[in-house]
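Asks: Need coordinates for the following:
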Amino acid sequence: MNANFVVGSLLPFGFHRLDDQSVVAVSAAGDHAFLTQQELSALVQAPEKLEFKKRAELQSKYFLTGKSSFGTLELLRSRIAARKETVLAGQSLHIIVPTLQCEHSCQYCQVSRRLEDVGHSMTPIQIDAACATIFQSQANALTIEFQGGDPLLRFDLIQRAIDLIQKMNLEHKRRIRFVVASTLHQLTSGMCEYFRNNQVYLSTSLDGPATLHNKNRPLPSRDSHARTLAGIELARRIMGPHAVAALMTTTKASLAYPEAIVDEYVKNGFTEIFIRPLSLYGFAKRNIKHLGYTLPEFTNFYQKALHRVLEWNARGTELREGTAALIFNKLLSPFDAGYVDLQSPTGSGLAVLVYNYDGYVYPSDEARMLAETGDCSLRLGSIGESLAQLMTSPVMRQLIETSISTQAVGCEICAFNSFCGPDPVGAQAEFGDMRTVALLTEHCKRYKWLFEYFFRKLRTADDDFLDIAYRWAHPAGYSDA
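Replies: The predicted structure is shown next:
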């Protein structure tokens, strides 16, 4: 059998050193292999000297060509194309911001809230125009998400959009998913019944136990945590037990409570928690001294929180951690879940569009947050312009040009470039220039740490951890919401 094995040509790959004696190598297809230093040297210099089992593994993972180099290259191109399908298949996530109105005064809010409605809500004409643009996308599956402010303060605009999209879809026949991101404090039984009848899901913020949540998301003389839980209970009672998802944001105050935050999600019946770092966009950036922390502080917090999640799973309580799930999807699945922040070319604009209350279209939620502080450089155009006009705008062209991982300085030699890509919107927010070298950005530093961290865990994983990793890697079960 060994004698019949034909070693072909070496295909492009990258590697990342895990310690003095071992590396993780990643092929152009995104498959990985753990190699000793000796195996790495042999792969590059004399692959025929590798043990048969290792050679077979490396051929199956597109490090080496097989008997037919043409056939191997065609399969490799297909694998690469499959990974790019979600970002190149059309805009699948459409975010409508009907209003900037909100009662909260969250310290980490990226936009400046408004209590008054005048000048801070979309018009019915703008709602109709945004819905028309949505169906110009080629994507077969469309998620329409309503954000704010708090969109429930303009439930009339949500209802107008949903009714119109449902009517238009009788002709277009797309798969439609609606999400409303809200505090749920304005939620009523009537809203819940409408949402249930139109298959609308809800997303809310739950930062942890009452003391922490109320500190992060204060209301004037009212209990934000209690009102959020009341909204969750109302939605579940009328819309069903899985009608509401929750997200948390990690502030400096959160760092002391990794286990308590996870426990709060279990206590309130959630089966997923997304441990997210602070996004210092817009107005949140002004509070960095009070809210911010270093990457090592966040990673220490994250590891403790993930350990708690794994403890609950070991006890038989199902709980998925969103950050780990999206990384496992990148590392273990040939089918990309389409997480916007980890696409090349960028998912901003290509996979998501934001129709903002100010009458403009933005390539991502973060881009519209920048506009709130006066940086309007990422506007694609006005609501009502055709999708073709938006996609050929100078801003969109530059977003694409600066987000190609195989061409960007530093990224082209990174072992993780098939999983990731430069984040031009983040670079614009952090440095004021989307052309900033990706290696300098917080986006790059955080995800490089995450990729290395989970590769280390996979290298030494037992069967229980591997079972969780492959289950979480499945694209279903989490979104960009």
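
Asks: So the chain: which segments form each domain?
Replies: What automatic domain parsing lists as the domains of the chain is 12-85, 90-388.

Asks: from those domains, which stretch is densest packed?
Replies: domain 90-388 (a mean of 19; mean count of other CB atoms under 10 Å). No exception for glycine: its C-beta is placed from N, CA and C like everyone else's.

Asks: Now that one: average pLDDT?
Replies: Mean per-residue pLDDT for domain 90-388: 92.

Asks: what's the span of that domain, first residue to last?
Replies: 12 Å (CA to CA, to the nearest Å).

Asks: and that domain, how far out from the chain's middle?
Replies: 11 Å (CA atoms, centre = their mean, to the nearest Å).

Asks: give me the element residue 212 is part of.
Replies: Under the criterion of DSSP states H and E, residue 212 resides in helix 210-216.

Asks: Residues contacting that helix, please?
Replies: 106-108, 206-207, 223-226, 228, 249, 251, 253-254, 257, 260-261 (CB atoms under 8 Å, 6 or more residues apart in numbering).

Asks: Distance check, residue 343 against residue 74.
Replies: Separation of residue 343 from residue 74 (CB to CB, to the nearest Å) stands at 24 Å.

Asks: cool, and residue 146?
Replies: From residue 146 over to residue 74 (counting by CB to CB), the distance is 43 Å.

Asks: Same check on residue 33?
Replies: Distance from residue 33 to residue 74, by CB to CB: 21 Å.

Asks: got it, and residue 319?
Replies: Counting by CB to CB - residue 319 and residue 74 are separated by 41 Å.

Asks: what does residue 186 give?
Replies: 55 Å.

Asks: again with residue 63
Replies: From residue 63 over to residue 74 the distance is 16 Å, taken as CB to CB.

Asks: hmm, back to that, of the contacts of helix 210-216, which belong to strands?
Replies: Cross-referencing those against strands under DSSP state E gives residue 249.

Asks: now for the helix or strand that contains residue 170, which elements pack on it?
Replies: Using DSSP H and E, residue 170 maps to helix 155-172. When contacts are defined as 3 or more CB pairs under 8 Å, 6 or more residues apart in numbering; DSSP states H and E, helix 155-172 sits against helix 124-134, strand 141-146, strand 175-181.

Asks: Could you dump the ones you listed into TSV with distance to residue 18 added?
Replies: Listed next are the helices and strands packed on helix 155-172 as TSV, based on distance: least, CB to CB, whole Å:
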stretch	distance to residue 18
helix 124-134	44
strand 141-146	37
strand 175-181	38
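
Asks: Quick check: closest non-adjacent residue to the residue positioned nearest the centre of the chain.
Replies: The centre of the chain sits closest to residue 339, judged by CA atoms, centre = their mean, with a distance of 3.9 Å. The spatially closest residue to residue 339, leaving aside those adjacent along the chain, is residue 326, at 4.8 Å (CB to CB, 6 or more residues apart in numbering).

Asks: Then residue 187?
Replies: Nearest one to residue 187, counting by CB to CB, 6+ apart, is residue 231 at 4.6 Å.

Asks: quick one, the helix or strand encompassing that neighbour and strand 175-181 angle?
Replies: Assigned by DSSP H and E, residue 231 belongs to helix 224-239. Angle, helix 224-239 to strand 175-181, by axes from the mean of the first three to the mean of the last three CA atoms, to 10 degrees: 150 degrees.

Asks: let's have the chain start at 21 instead
Replies: All set: I'll call the first residue 21, so the last point we hit is now helix 244-259.

Asks: For this structure, which segments count as strands?
Replies: 33-37, 42-47, 52-56, 113-116, 161-166, 195-201, 220-225, 264-269, 292-293, 295-296, 340-341, 372-375, 380-382, 401-402.

Asks: Turn those into JSON lines, columns for distance to residue 328.
Replies: Converted to JSON lines, the strands of the chain look like this (distance: least, CB to CB, whole Å):
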{"stretch": "strand 33-37", "distance to residue 328": "28"}
{"stretch": "strand 42-47", "distance to residue 328": "26"}
{"stretch": "strand 52-56", "distance to residue 328": "27"}
{"stretch": "strand 113-116", "distance to residue 328": "30"}
{"stretch": "strand 161-166", "distance to residue 328": "29"}
{"stretch": "strand 195-201", "distance to residue 328": "25"}
{"stretch": "strand 220-225", "distance to residue 328": "20"}
{"stretch": "strand 264-269", "distance to residue 328": "13"}
{"stretch": "strand 292-293", "distance to residue 328": "9"}
{"stretch": "strand 295-296", "distance to residue 328": "10"}
{"stretch": "strand 340-341", "distance to residue 328": "9"}
{"stretch": "strand 372-375", "distance to residue 328": "31"}
{"stretch": "strand 380-382", "distance to residue 328": "36"}
{"stretch": "strand 401-402", "distance to residue 328": "45"}
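
Asks: now for the ones you listed, which one comes closest to residue 320?
Replies: Among these, the nearest to residue 320 by CB to CB is strand 295-296 (12.0 Å).

Asks: ok, which stretches of the stretch 271-420 of the chain are helices?
Replies: 278-287, 308-311, 315-334, 342-352, 385-392, 407-411, 414-421 (DSSP state H, counting those that start in this stretch).

Asks: To residue 438, which of the ones you listed lies closest?
Replies: Between these, helix 342-352 lies closest to residue 438; by CB to CB that is 8.4 Å.

Asks: Report the inter-axis angle for the closest one versus strand 264-269.
Replies: 90 degrees.

Asks: Helix 342-352 vs helix 315-334, what angle?
Replies: 90 degrees.

Asks: List of residues touching helix 342-352?
Replies: With CB under 8 Å, 6+ apart as the contact definition, helix 342-352 has outside contacts at 50, 52, 292-296, 322, 326, 329, 356-357, 359, 362, 439-440, 470-471, 474-475, 478, 489-490, 492-495, 497-498.
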